[in-house]
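J.: starting from these lines, generate the structure:
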Amino acid sequence: MEALINYFETIPSLHRSLILVGGLTFFWLLESGLPLFKFKYKKWRHALPNLFFTLTTIIINFTLAFLLLETADWVKANNFGIINWLPEMSLGLYALLGVFLLDFFGAYLAHFVEHKVKPLWMVHLVHHTDHNVDTTTANRHHPIESIIRFSFTLLGVFVVGTPIALVMLYQAMSLVFSQFTHANIKLPKKLDKILSYVIVSPDMHKIHHHYRLPYTDSNYGNIFSVWDRLLGTYMYMDREYLVYGVDVFPNEEKNGNIKELLKQPFQNYEKPTLSANSANVKS
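T.: Next comes the predicted model:
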């Protein structure tokens, strides 16, 4: 564990890039052999806007990275934050708890707030208007959302008190999990269900991409599923009934155009429709 922590404390930018590209390539290939849905689309054409937003996210995170480093160094030097106020524990437990709590602030809380605050939902809409969810959808975030999510991660580093090694470990795990849960892959239902008791599984997250409420406002987690289960936002539906997108923004051509996607946050707010069968929601 000490070697792992030491590695992530000084992880080279090249290695971080390899995690991004390697994960994307792996799940891209896996989708071809084990697809959940056989999309009738040109895979590369669909990927282009998603890869564009992946690039903008990288640029923003790289530009603001010094804030993470400064904050992580400060909490470490001042012994500040939740995990530094707890009794002494093993390095493994310290790392697990740090990543676990960062997942709440950087992923669950940020995601929940984006769905509940109307202007933020319009920013987050770019992520939800993908009609063919696959691994490239993982980082399909408007540049404004990238800044919002970075801010929540920064808040998490401050409150939790995580050193930079755990921040880098969390970000690497968050990236791979996001690629995994968005990937158009079909795991055995029982395996997916078992996984969902501990981590966010592909089926669990794709329910969140269903085009109608209440499913759209559920399953906010990224790495650990416990946050949804504890906070009452977990929902289940059979994957055969999934329909991707947002029902009040149905124009697939506009939703695949970079220029139109950049303008999406500035459209008039429209709330997704409540599903007719919402009374039969399983949890």
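J.: for the stretch 1-150 of the chain, which segments count as helices?
T.: Under the criterion DSSP state H, counting those that start in this stretch, the stretch 1-150 of the chain contains helices at 2-9, 13-33, 43-77, 82-85, 91-103, 110-116, 118-128, 143-160.
J.: any regions of the stretch 151-283 of the chain where pLDDT drops low?
T.: In the predicted model, the stretch 151-283 of the chain carries pLDDT under 70 at residues 276-283.
J.: which stretches of it form helices?
T.: With DSSP H, counting those that start in this stretch as the criterion, the stretch 151-283 of the chain has helices spanning 164-182, 189-195, 202-208, 226-230, 258-263.
J.: of all those, which one is nearest Leu125?
T.: Among those, helix 258-263 comes nearest to Leu125, with 9.0 Å by C-beta to C-beta. In short, each C-beta sits where N, CA and C put it, glycine included.
J.: return the residues in contact with the nearest residue to His111 once chain neighbours are set aside.
T.: Once flanking residues are discounted, His111 sits nearest to Tyr220: 4.1 Å by C-beta to C-beta, 6 or more residues apart in numbering. Tyr220 is in contact with 107-108, 111-112, 115, 208, 227-228, 233, counting by C-beta atoms under 8 Å, 6 or more residues apart in numbering.
J.: sorry, back to before: nearest to Val243, of the helices of the stretch 1-150 of the chain?
T.: With respect to Val243, and counting by C-beta to C-beta, the nearest of the helices of the stretch 1-150 of the chain is helix 118-128 at 12.1 Å.
J.: other SSEs contacting the closest one?
T.: Helix 118-128 makes packing contacts with helix 110-116, helix 143-160 when contacts are defined by 3 or more C-beta pairs under 8 Å, 6 or more residues apart in numbering; DSSP states H and E.
J.: would you mark the buried spots in the longest one?
T.: In this case it means helix 143-160. Burial within helix 143-160, assessed by neighbour count using 16 or more other C-beta atoms under 10 Å, is assigned to 143-150, 152-154, 156-160.
J.: where does pLDDT dip in the stretch 1-150 of the chain?
T.: Residues of the stretch 1-150 of the chain meeting the criterion pLDDT under 70: none.
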